[in-house]
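Trainee: pasting a predicted model and its sequence here:
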Amino acid sequence: MSTTIIFTVASLSILGLLLAVVLYFVAQKFKVEEDPRIDIVEAIMPGANCGGCGQAGCRAFAEACTKAENLDNLFCPVGGNATMKKVADALGFQVAEKAPMVAVVRCNGTCENRPKTNIYDGVATCAAKSALYCGDTGCRYGCVGCGDCVAVCNFGALSMDPKTGLPVVDEEKCTACGACAKACPKGVIEIRNKGPKNRRVFVSCVSKDKGAVARKACKAACIGCGKCAKVCPFGAITVENNVAYIDFNKCKLCTKCVSECPTGAIHKVNFPEKPAAPAAPAAPAAKPAEAPAPAAKPVENNVNQEK
Amino acid sequence: MKTFSIGGVHPHDSKISANAAIESFPIPEVAYISMGQHLGAPAEPIVAPGDKVKVGQLIANANGFISAPVHSSVSGTVKGIETVFDLAGNPCKAVVITVEGDEWVETIDRSDKIEKEIKLDSKEIIEKIKECGIVGLGGATFPTNVKLSPPPGKKAEFLIINGAECEPYLTSDYRVLIEMPEQVLIGAAIMMKALNVTQGFIGIEENKPEAIKVMTEKAKGYPQIKIVTLKKKYPQGGEKQLIDAVVGRKVPSMGLPIDTGAVVQNVGTALAVYEAVQKNKPLFEGILTVTGECCPQQKNYKHRVGTPLSKIIEAVGGVPEAAAKVISGGPMMGKAIANLDAPTLKGSSSVLFLTEEQTKRKEESNCIRCGKCIEACPMGLEPYLLNKLAKARRMDDLEANKIYDCIECGCCQFTCPAYIPLLGTIRLAKADVMKIMRSRPKK
């Protein structure tokens, strides 16, 4: 009895030792050389694995960073400038600070502005709905309201407003990873400059329909009249395909276009409430004059990279 | 009695408009002739505003290999080339013609005399069909001339005329079979000559005894064409299912009907081919069923392409009070109409009014893995699995499970006891998978 136990233990121990030696040499021989810096960078990353940087995940981004010659084309939107600074320090790179970005819903087709023309009762995703037909309102460009953007957001930054039927972006939570913009089949969501003091001016409409058609479908539609482009002192507004677009790199937030727009399609956000009529437009115009200056350069970088 | 071997469902056939003889719908005051009436690139208009056109005159050229020319369905003055909105509310280029009188192009033979003798040879027939802008009228509107020219290395053995009309409610093919049986047979004979085959079949489902009787009687004069009675089962009118039902051959996965030696054409197409080849008449008219339990009048209209649907709906007394959904095509595969002002197309087959009770989707519950969808799928797929994979966006697994074979017939959704919108999810994923497959470099 005891000999069986002794024999078993002894033979297994010898076998274990032998295999350990074999494994040691095999591990030496087939060792995968990996840049140790990848682990360091990965530890810095937020670990969201959202893909907002364009890489498959945080580790892939870390690997790309270690292989890159500079960090100009690499940016983690979730971690932002703070994370990129750490990554740059760890790898000995220089990194230019980028202006913070945020997802902006460019549609104001609320139930009130854009009455429903039919009822959709198919698969409740934006992708299915927009693949099937023009949508349940007269506007075939705007938000279809099934919340694909909410579903893809990893950060809980989006929610559907039951009153308007449109998605709402929580600026605090939004990391500008761009997942919602990619998921939106109508291309209604745009990643835009967050702006100084989070103040932004944008055209809240993407309808390419001609003025009359767009207006018939939605009260708050951009009708492509071009008044905003005329009034803009900075040439930031272009009207193409019957819809105005404000270039956030050129916009100095004077908000002249906001008051000029006949349909109220141009929105300003986070501007001080209840401005006294004459004084207010001057105040925000004066303030950003100092504020955007430092932000201007990195933003330009950003544009170049996209190209 | 013959039928296809796997899957299928039995929706109530509801052919309530079957006894309504084909009536000519009045010519509209303004015709909106869409440039996108066929599968493939939209046609290129060749008329300018102010031009006078006659009925049957070419107004747009085919734009590419899979495309078809478009002819004017009315006579009058071209008002302009405008953007109109189709059934789904999407924009589409259209030639707008203000109608003046009804003057036809002189070369069209407008007599009722049936021309039996086929004078043209195979090549000339295909050329004629191409010139006349004939497209498949079974639903896909694929250019007929392309289908009649098998790719090199493939040989057609027989022609099958699809008279199954398995979609509930639709009766346009049925009326054509009863009212113009001779023309359909000659049309079939013409296509057989074009394909250089000696055997033809016309498959008709058992729920159309009148059509089977008439056709069997008339087919006696055409020994090469056989009338095949089929058991009533949806989707028998699907190309692959029909080939299986009629000759018992199976189209391989990813394959085309021609791989089995079969070419399938619709009854309406056969009629159009007859009119084109024997009467020199391009395709600018179609048969449209207007039906539904809540619709006070059941009609089978012969309409000019480009007639606004709203005119047709007006003629039957407007959208019925009880109607909740207006559908173009049958209830199984048809599409809900989002824009009632859309003009009719060559391939328009019906305007169907359904009530709230008939169309309201029941609340979805969980899949209980009962396997009914697998039993119902005529392509042998596993819809419940595809649905799950599609929701998880597992594209490679979807491809491994042959999502590309789905014919979007809707049997799975029809049969699902949990009311899961299987087809909606699968259709979307199928399009994505096909896109990935097409983007791969060809070997």
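Mentor: Yep, that arrived.
Trainee: write out the residues of chain A neighbouring chain B.
Mentor: A:117-118, A:121-123, A:125, A:127-128, A:131-135, A:140 (CB under 8 Å from any CB of the partner chain). All C-beta spots, glycine's among them, are computed from the backbone N, C-alpha and C.
Trainee: most neighbours out of these, which is it?
Mentor: Ranked by neighbour count (other CB atoms under 10 Å in any protein chain shown), those have residue A:135 at the top, with 28 neighbours.
Trainee: which residues touch residue B:261?
Mentor: Counting by CB atoms under 8 Å, 6 or more residues apart in numbering or on different chains, residue B:261 makes contact with B:155, B:156, B:157, B:158, B:249.
Trainee: what lies in contact with stretch B:239-251?
Mentor: B:2-5, B:8, B:158, B:160, B:162, B:164, B:201, B:203, B:228, B:230, B:235-236, B:257, B:259-262, B:264, B:378-379, B:407.
Trainee: among these, which ones are buried?
Mentor: Burial by neighbour count, 16 or more other CB atoms under 10 Å in any protein chain shown: within the contacts of stretch B:239-251 this picks out B:2-4, B:8, B:158, B:160, B:162, B:164, B:201, B:203, B:228, B:230, B:235-236, B:257, B:260-262, B:264, B:378-379, B:407.
Trainee: tell me the helix or strand right after the helix or strand where residue A:25 lies.
Mentor: Using DSSP states H and E, the element containing residue A:25 is helix A:2-29. Sequence order places helix A:36-44 as the next helix or strand after helix A:2-29, per DSSP H and E.
Trainee: beyond that following helix, next helix or strand please.
Mentor: Taking DSSP H and E, what comes next after helix A:36-44 is helix A:58-67.
Trainee: if we can go back for a sec, from the contacts of residue B:261, which is closest to residue B:78?
Mentor: Using CB to CB, residue B:156 comes nearest to residue B:78 of the contacts of residue B:261, at 39.8 Å.
Trainee: which pLDDT value belongs to residue 25?
Mentor: This is for chain A. Looking at residue A:25, its pLDDT reads 94.
Trainee: I was thinking of chain B, sorry if that wasn't clear
Mentor: For residue B:25, pLDDT reads 95.
Trainee: look at residue A:137 and report its pLDDT.
Mentor: 89.
Trainee: report the buried residues of the helix holding residue A:25.
Mentor: In helix A:2-29, counting by 16+ other CB under 10 Å, buried: nothing.
Trainee: burial of residue A:149, as a residue count?
Mentor: 25.
Trainee: then residue B:100?
Mentor: Residue B:100 is flanked by 13 other residues according to other CB under 10 Å.
Trainee: isn't it right up against residue B:77?
Mentor: Yes. Counting by CB atoms under 8 Å, residue B:100 touches residue B:77, with 6.5 Å between them.
Trainee: where in the chain is pLDDT low?
Mentor: Just so you know, I chose chain A. For chain A, the stretches flagged by pLDDT under 70 are A:274-307.
Trainee: re earlier: in strands, which of the residues of chain A next to chain B fall?
Mentor: In strands, judged by DSSP state E, none of the residues of chain A next to chain B are found.
Trainee: okay, these in JSON lines with distance to residue B:91 next?
Mentor: Converted to JSON lines, the residues of chain A next to chain B look like this (distance: CB to CB, whole Å):
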{"residue": "A:117", "distance to residue B:91": "16"}
{"residue": "A:118", "distance to residue B:91": "17"}
{"residue": "A:121", "distance to residue B:91": "24"}
{"residue": "A:122", "distance to residue B:91": "21"}
{"residue": "A:123", "distance to residue B:91": "24"}
{"residue": "A:125", "distance to residue B:91": "23"}
{"residue": "A:127", "distance to residue B:91": "20"}
{"residue": "A:128", "distance to residue B:91": "21"}
{"residue": "A:131", "distance to residue B:91": "16"}
{"residue": "A:132", "distance to residue B:91": "16"}
{"residue": "A:133", "distance to residue B:91": "12"}
{"residue": "A:134", "distance to residue B:91": "9"}
{"residue": "A:135", "distance to residue B:91": "13"}
{"residue": "A:140", "distance to residue B:91": "8"}
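Trainee: tell me where the stretch 101-250 of chain B has strands.
Mentor: Listed in chain order, the strands of the stretch 101-250 of chain B (DSSP state E, counting those that start in this stretch) span B:158-163, B:199-205, B:225-230.
Trainee: quick check: which of the ones you listed is nearest to chain A?
Mentor: strand B:158-163 (25.8 Å; CB to the nearest CB).
Trainee: what about that closest one, average pLDDT?
Mentor: Averaged across strand B:158-163, the pLDDT comes to 94.
Trainee: centre of the chain versus stretch B:180-193, how much separation?
Mentor: In terms of CA atoms, centre = their mean, to the nearest Å, the centre of stretch B:180-193 is found 18 Å from the chain centre.
Trainee: what lies in contact with it?
Mentor: B:114-116, B:118, B:121-122, B:125, B:148, B:159, B:161, B:176-177, B:198-200, B:202, B:214-215, B:217-219, B:221-222, B:224-225, B:263, B:265, B:267, B:269-275, B:277-278.
Trainee: let me see the contact set for residue 174.
Mentor: You didn't say which chain, so I picked chain A. A:102, A:103, A:155, A:157, A:158.
Trainee: actually it's chain B I care about, not the one you picked
Mentor: B:15, B:18, B:163, B:165, B:208, B:211.
Trainee: what about 7 Å?
Mentor: Residues in contact with residue B:174 (CB atoms under 7 Å, 6 or more residues apart in numbering or on different chains) are B:15, B:18, B:165, B:208, B:211.
Trainee: show me where the stretch 201-307 of chain A has its strands.
Mentor: A:237-240, A:243-246, A:266-269.
Trainee: what about the residue of chain B positioned farthest from its centre, which helix or strand?
Mentor: The C-alpha centroid of chain B is most remote from residue B:368, which lies 35.2 Å away (CA atoms, centre = their mean). Assigned by DSSP H and E, residue B:368 belongs to neither a helix nor a strand.
Trainee: which residues in chain A form helices?
Mentor: For chain A, the helices defined by DSSP state H cover A:2-29, A:36-44, A:58-67, A:80-91, A:126-132, A:148-152, A:179-183, A:211-217, A:227-231, A:256-260, A:279-290, A:292-306.
Trainee: with adjacent residues omitted, what lies nearest to the residue of the stretch 301-443 of chain B found nearest chain A?
Mentor: Taking CB to the nearest CB, chain A has its nearest neighbour within the stretch 301-443 of chain B at residue B:424, 3.3 Å off. The spatial neighbour of residue B:424 that comes closest, neighbours along the chain excluded (CB to CB, 6 or more residues apart in numbering or on different chains), is residue A:123 at 3.3 Å.
Trainee: okay, now the domains of chain A?
Mentor: The record's domain parsing of chain A by automatic domain parsing lists A:36-91, A:107-191, A:195-288.
Trainee: span of the first one from start to end?
Mentor: In other words, domain A:36-91. Counting by CA to CA, to the nearest Å, you get 11 Å between the two ends of domain A:36-91.
Trainee: ok, stretch B:385-402 next?
Mentor: Taking CA to CA as the criterion, the two ends of stretch B:385-402 lie 11 Å apart.
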